[in-house]
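Q: structure of the sequence below:
(chains A, B, C and D)
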Protein chains: 2
Amino acid sequence: MFRITTDRTPRPNLLAELGMTSGSKPMVSLNELTYKSGTEIYGEKEPADYVYQVRTGAVRKYKLLSGGRRQIGAFKLVGDIFGLENGSEHRFTAEAVVETTVRLISRHRLEAVADNDPIFARNLLRMTTSNLEHAENHMLLLGRKTSLEKVAAFLLEMDKRLTAAGVMALPMTRLDIADYLGVTLETVSRVLSQLHGAGVIDFCKTHREIIIRDRLRLAAFDLQASMIVN
Amino acid sequence: MFRITTDRTPRPNLLAELGMTSGSKPMVSLNELTYKSGTEIYGEKEPADYVYQVRTGAVRKYKLLSGGRRQIGAFKLVGDIFGLENGSEHRFTAEAVVETTVRLISRHRLEAVADNDPIFARNLLRMTTSNLEHAENHMLLLGRKTSLEKVAAFLLEMDKRLTAAGVMALPMTRLDIADYLGVTLETVSRVLSQLHGAGVIDFCKTHREIIIRDRLRLAAFDLQASMIVN
DNA sequence: CGGGGGCTTGAGGCCACTCAACGATAGTGG
DNA sequence: CCACTATCGTTGAGTGGCCTCAAGCCCCCG
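A: Predicted structure coming up:
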């Protein structure tokens, strides 16, 4: 299912890296796991004993419906934290989109630290709130945006989150994008072609490497929806 | 805009009522406000200085898009708490669906209490998580369910949350329901008529008073979607 | 009793879906 | 090294579910 990456060299602990400690008190155990593309990290309804941070790769969190319908709630990219539940079990299934390495920390210890450190507790809350905010914005997208607006919003979100140079290397397939946006993969493909034809985006070698040529026009497609500029 | 309800009699404080104190330490100031039907309680992007609890009535939280498109993220019913943001400003607009009375508590004090009381802090987190969970489920509904499944899910949710006797008195209009489910009000109306014609639901005096005749069949409409029985 | 908001119902249209074929790419094994 | 194959992506044709536009009803309320 997965292999454990040996990790002999001492590293700063997760909490410290996240800027989540008030002092330098807590020392927590730390492990890394690597998952092959498409493998499950945890399943819906499974006990939530660990919290994860993406080190390399990408993760999709989703729920399933009958008839194979799937709704991806979020993509977790390098640096992102996921799997932080408050109940005892996970509410999504999490899968590696590509080969992915994650750090993990036991939820039990996380809670213990939070109980002794108000600042840390507040950071936990902030993290949950940021997930909530993303979900709230995504409800707007899913419920009220056209396919063009959805794809434009997606491109802008990914551009903000993972672009290193001018080229955006998407880790996910058209089907992943479709299930994230609540449309079909054909619709995603058609809209991307349309944007390409209009000179708004370009493709590099692979179809997953996208360059945004006209960010203003792209933003306008989303703006005709959201009225709010970031 | 609103009138302030005089409130001379001493009452137990909000935190205690919510079971949110570990001891009986904090004494927080408490006020009540009453809003007429359709009036705004707070607007998107306004500073989030207060947290609210519905005492009577109902509240809708929504975001707007260009073209008058509106997405209602949640309805807040009697007993529900809303307006708890982590940033400094509200992410939704909150309006009274009908004449509504709310209690309010200053966010500033809430945070102060949380910093001194780990149990309380944990309850804040739990409350945020429960909002997150609702939003996550709603994403599934908005992105992947048919109009029939959406309406069925809505009826079951409301039945669970507000039914006193066998009759469910919805405070919201068809338009509210539509904007909650990401469809048009005509579609909501049509599906309700269809359910009525099929003997699954009945209407009482007004069109907002609904009786669920065949809960099993109604649940099946949602089940063909979610596969998960509560 | 008149007015207006909320609800229903019908007719027609459109956007996104379904079904299908084809092309491109990358990984696999002979 | 090169078929071979599977997966991914694009594109077209046709369908259908939900939307749009419109008319009319009901009920509450002034």
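Q: where do the helices sit along chain A?
A: In chain A, the helices defined using DSSP state H lie at A:14-17, A:107-116, A:118-144, A:147-162, A:174-181, A:185-197, A:215-226.
Q: quick one, what contacts the residue lying closest to residue A:31 once chain neighbours are set aside?
A: Once flanking residues are discounted, residue A:31 sits nearest to residue A:104: 5.5 Å by C-beta to C-beta, 6 or more residues apart in numbering or on different chains. (C-beta placed from N, C-alpha, C; glycine too.) Shown in contact with residue A:104 (C-beta atoms under 8 Å, 6 or more residues apart in numbering or on different chains): A:30, A:31, A:32, A:33, A:50, A:51, A:52, A:53.
Q: in the residues you listed, find the pair that's most separated.
A: Maximum pairwise distance among the contacts of residue A:104 (C-beta to C-beta): 13.5 Å, between A:32 and A:51.
Q: looking at the two, which has the bigger crowd around it?
A: Between residue A:32 and residue A:51, residue A:51 has the larger neighbour count (other C-beta atoms under 10 Å in any protein chain shown), namely 21 against 16.
Q: please name the residues that touch that one.
A: By C-beta under 8 Å, 6+ apart, the residues touching residue A:51 are A:81, A:82, A:83, A:84, A:104, A:105, A:106, A:107, A:110.
Q: can you tell me which of those residues is nearest DNA strand C?
A: Taking C-beta to the nearest atom of the strand as the measure, DNA strand C lies nearest residue A:82 of the contacts of residue A:51, at 25.5 Å.
Q: so how many other residues sit close to the closest one?
A: Residue A:82, neighbours per other C-beta under 10 Å, totals 22.
Q: ok, now residue A:151?
A: Residue A:151 has 27 neighbouring residues, counting by other C-beta under 10 Å.
Q: please verify my assumption that it contacts residue A:192.
A: Yes - when contacts are counted by C-beta atoms under 8 Å, residue A:151 is listed as touching residue A:192 (6.6 Å).
Q: ok, back up a step: compare the helices of chain A and give me the one nearest chain B.
A: Among the helices of chain A, helix A:118-144 comes nearest to chain B, with 3.2 Å by C-beta to the nearest C-beta.
Q: between the closest one and helix B:107-116, how many degrees?
A: 130 degrees (axes from the mean of the first three to the mean of the last three C-alpha atoms, to 10 degrees).
Q: can you list the domains in chain A?
A: According to automatic domain parsing, chain A comprises the domains A:2-142, A:145-226.
Q: could you check whether the first one is close to DNA strand C?
A: No - for domain A:2-142 and DNA strand C, the contact criterion (C-beta under 7 Å from any atom of the strand) is not met; the two come no nearer than 8.0 Å.
Q: point out where chain A drops to low pLDDT.
A: A:1-30, A:225-230 (pLDDT under 70).
Q: next, count neighbours for the nearest residue to residue A:114 once chain neighbours are set aside.
A: Spatial nearest neighbour of residue A:114, excluding adjacent residues (C-beta to C-beta, 6+ apart): residue A:121 at 4.2 Å. By other C-beta under 10 Å, 24 other residues sit near residue A:121.
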